[in-house]
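Q: Turn this into a structure:
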Amino acid sequence: MSSLRTPRPWLMLAVGGGSQAAAALLISAPAYLIPLLHTERGLTLAEAGLIATAPNVGVLLTLILWGAATDRWGERVILVTGLAVAVAGAIASAAAASTDDYVVLALAFALCGIGGAATSATSGRVVIGWFPAERRGLAMGLRQTSLPLGMAAGALIVPALSSGGDLAAPLIASGAVVAVAALASALFIVNPSRPARALDTEGRPANPYRGDATLARIHLVSALLVVPQYALATFGLVWLIADQQWDPLAAGIVVALAQLLGAGGRVAIGVLSDRLGSRLRPLRWVALAGIPLLLLTAVAGELRWAPAVAVFYILASCVSVADNGLAFTAVAEIAGAHWSGRALGAQNTGQYIASAIVAPAVGALIAVTGYSAAFALIALAPALAIPLVPRDSG
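A: Residues are numbered from 1 along each chain as shown. From the prediction side, this is the model:
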């Protein structure tokens with residue numbers, strides 16, 4: 001067994017990122033079951049949507065707890081434990097899917113989210129721990145693509161397997177993928193070494209949040225930058241079809257292209273941060289770039305100039321996701337090996353809370369002002385984030 005678990009950085013990245021992608025596949029599966037719950041099971045869209053949000057509730061409630069557990073017991077055991085809990089949730093969900101007890105189904109979905117949440121801090125810490133500082137931006141940029149890749153896999157797998165009205169089949173398949181990820185993690189993940197625990201001037205274990213607002217500021221910046229990210233992703237397709245009168249296929253192609261290029265943008269900005277030796281300067285540049293691109297997207301939409309709409313929507317979408325890997329890496333590096341689990345949990349918790357607010361808030365804003373004005377007003381979020389980005393010596 002020890003020979004299998006040789007600490008090769010790229011192997012750690014592949015297994016850790018693959019684990020997060022597998023968890024994302026399972027956590028996103030209920031959302032892709034909404035049409036079946038609505039049309040085949042007779043639930044209202046509101047009821048089906050409420051059930052489908054259960055995994056996200058599980059994630060939100062346990063991110064910091066999993067991070068704290070990782071700080072204490074290490075990456076490998078917590079990653080495997082979390083994935084095992086997610087597999088149990090998938091099995092329970094498949095069993096509940098054959099009944100009409102939707103409360104039990106929602107609780108089983110929540111268990112999937114609880115287990116899947118463990119992959120966030122653990123896989124991030126594995127990457128940070130095994131890659132040197134000059135390659136962490138690249139590695140974390142690659143790792144950050146695991147979430148959209150997992151969700152994209154869910155978009156392909158879940159509707160295909162549930163087309164006959166079977167809720168259980170896609171849940172079993174998703175659970176099987178998570179089980180493979182758990183086995184791979186048990187076989188190959190090696191905990192990075194940790195330096196001795198630093199002490200403060202009073203001899204207590206150093207707390208990176210005590211007397212320093214740097215991490216809190218990064219958390220707030222990331223929450224603000226979630227606003228354009230989720231607004232463009234959530235309302236982009238309906239904007240192009242309903243407001244811009246685009247053909248649904250053309251609109252879908254543009255939105256998909258924006259997501260794919262956005263994944264590449266995460267990697268590119270990570271490489272840039274490695275070259276600069278700084279995560280925070282590129283983070284500020286991302287916030288700065290978001291403002292004109294959102295305004296140009298709004299203007300193009302108001303003028304209904306299709307080529308400009310496509311170009312600026314794609315560019316704005318790419319920039320809106322470019323901060324994720326930068327902030328995640330910066331938080332882990334600043335928090336240190338003994339606090340990064342909790343810090344990364346807090347980082348993602350803030351983003352989850354912000355994203356939960358974005359959909360109803362921006363939807364209401366669009367209803368009042370229209371799409372173009374709403375996109376222009378959303379540019380206030382990165383504008384507010386710019387002065388909050390901490391400065392470093394890089």
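Q: Every contact and neighbour count from this point should use C-alpha atoms.
A: OK.
Q: Not counting sequence-adjacent ones, nearest residue to the residue nearest the centre of the chain?
A: Of all residues in the chain, the one closest to the mean position by Cα atoms, centre = their mean is Leu147, 5.5 Å from it. Sequence neighbours aside, Ala21 is the residue nearest to Leu147 in space, at 5.3 Å (criterion: Cα to Cα, 6 or more residues apart in numbering).
Q: for Gly129, same thing?
A: The spatially closest residue to Gly129, leaving aside those adjacent along the chain, is Pro192, at 5.1 Å (Cα to Cα, 6+ apart).
Q: got the contact list for the one you found?
A: Contacts for Pro192 were tallied using Cα atoms under 8 Å, 6 or more residues apart in numbering; they are 126, 129-130.
Q: Can you tell me the SS state at it?
A: Secondary structure for Pro192, judged by DSSP: H, G, I helix; E, B strand; the rest coil, is coil.
Q: Residue ranges in the stretch 51-200 of the chain under the pLDDT threshold?
A: Where the stretch 51-200 of the chain drops to pLDDT under 70, the residues are 196-200.
Q: all helices for it, in order.
A: Using DSSP state H, counting those that start in this stretch, the helices of the stretch 51-200 of the chain run over 54-73, 75-96, 102-116, 118-130, 133-144, 146-161, 168-188.
Q: quick revisit: nearest to Pro387, of the contacts of Pro192?
A: Proximity of the contacts of Pro192 to Pro387, judged by Cα to Cα, is greatest for Gly129, which lies at 29.9 Å.
Q: The closest one: neighbour count?
A: Taking other Cα atoms under 10 Å as the criterion, the count of residues near Gly129 is 22.
Q: distance of it from Arg281?
A: 22 Å (Cα to Cα, to the nearest Å).
Q: same deal with Arg391?
A: Taking Cα to Cα as the criterion, Arg391 is separated from Arg281 by 7 Å.
Q: With neighbour numbers in mind, choose between these two.
A: Between Arg391 and Arg281, Arg281 has the larger neighbour count (other Cα under 10 Å), namely 18 against 13.
Q: Give me the contact list for the host helix or strand of the more buried one.
A: Assigned by DSSP states H and E, Arg281 falls within helix 280-303. Contacts with helix 280-303, where a contact means Cα under 8 Å, 6+ apart, come from 225, 244, 269, 272-273, 306, 308-309, 312-313, 315-316, 319-320, 322-323, 326-327, 330, 371-376, 378-380, 382-383, 385-386, 389-392, 394.
Q: next SSE after it?
A: helix 306-321.
Q: Output that following helix as CSV - backbone C-alpha positions only.
A: Backbone C-alpha positions of helix 306-321 (Å, rounded to 0.1, in the frame of the first residue of the first chain) are rendered in CSV as follows:
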residue,chain,number,x,y,z
ALA,A,306,-25.5,40.2,-31.7
PRO,A,307,-21.7,39.9,-32.4
ALA,A,308,-20.9,42.4,-29.6
VAL,A,309,-23.3,40.6,-27.3
ALA,A,310,-21.6,37.3,-27.8
VAL,A,311,-18.1,38.7,-27.5
PHE,A,312,-18.6,40.8,-24.4
TYR,A,313,-20.8,38.1,-22.6
ILE,A,314,-18.1,35.5,-23.1
LEU,A,315,-15.3,37.9,-22.0
ALA,A,316,-17.3,39.0,-19.0
SER,A,317,-18.1,35.4,-18.0
CYS,A,318,-14.4,34.4,-18.3
VAL,A,319,-13.2,37.2,-16.1
SER,A,320,-16.0,36.6,-13.6
VAL,A,321,-14.6,33.2,-12.8
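Q: Now do that helix against helix 280-303, angle only.
A: For the pair helix 306-321 and helix 280-303, the angle between their directions (axes from the mean of the first three to the mean of the last three Cα atoms, to 10 degrees) equals 150 degrees.
Q: now for helix 306-321, which elements pack on it?
A: In this structure, helix 306-321 makes packing contacts with helix 214-238, helix 248-276, helix 280-303, judged by 3 or more Cα pairs under 8 Å, 6 or more residues apart in numbering; DSSP states H and E.
Q: redo that, cut-off 6 Å
A: helix 280-303 (3 or more Cα pairs under 6 Å, 6 or more residues apart in numbering; DSSP states H and E).
Q: Show me which residues of the helix it packs on are buried.
A: Along helix 280-303, these residues count as buried under the neighbour rule (16 or more other Cα atoms under 10 Å): 280-284, 286-291, 293-302.
Q: Can you show me the CA trace of it as CSV?
A: The C-alpha trace of helix 280-303 is given here as CSV (Å, rounded to 0.1, in the frame of the first residue of the first chain):
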residue,chain,number,x,y,z
LEU,A,280,-3.4,39.4,-4.8
ARG,A,281,-2.3,41.7,-7.6
PRO,A,282,-3.9,39.6,-10.3
LEU,A,283,-7.0,39.3,-8.1
ARG,A,284,-7.3,43.1,-8.1
TRP,A,285,-6.8,43.2,-11.9
VAL,A,286,-9.6,40.6,-12.3
ALA,A,287,-12.0,42.9,-10.3
LEU,A,288,-10.9,45.9,-12.4
ALA,A,289,-11.4,44.1,-15.7
GLY,A,290,-14.9,43.0,-14.7
ILE,A,291,-16.3,46.5,-14.5
PRO,A,292,-15.9,47.6,-18.1
LEU,A,293,-16.8,44.2,-19.5
LEU,A,294,-20.1,44.1,-17.6
LEU,A,295,-20.8,47.7,-18.8
LEU,A,296,-20.0,46.8,-22.4
THR,A,297,-22.2,43.6,-22.1
ALA,A,298,-25.0,45.8,-20.9
VAL,A,299,-24.5,48.3,-23.8
ALA,A,300,-24.3,45.6,-26.4
GLY,A,301,-27.5,44.1,-25.1
GLU,A,302,-29.3,47.4,-25.2
LEU,A,303,-28.2,48.0,-28.8
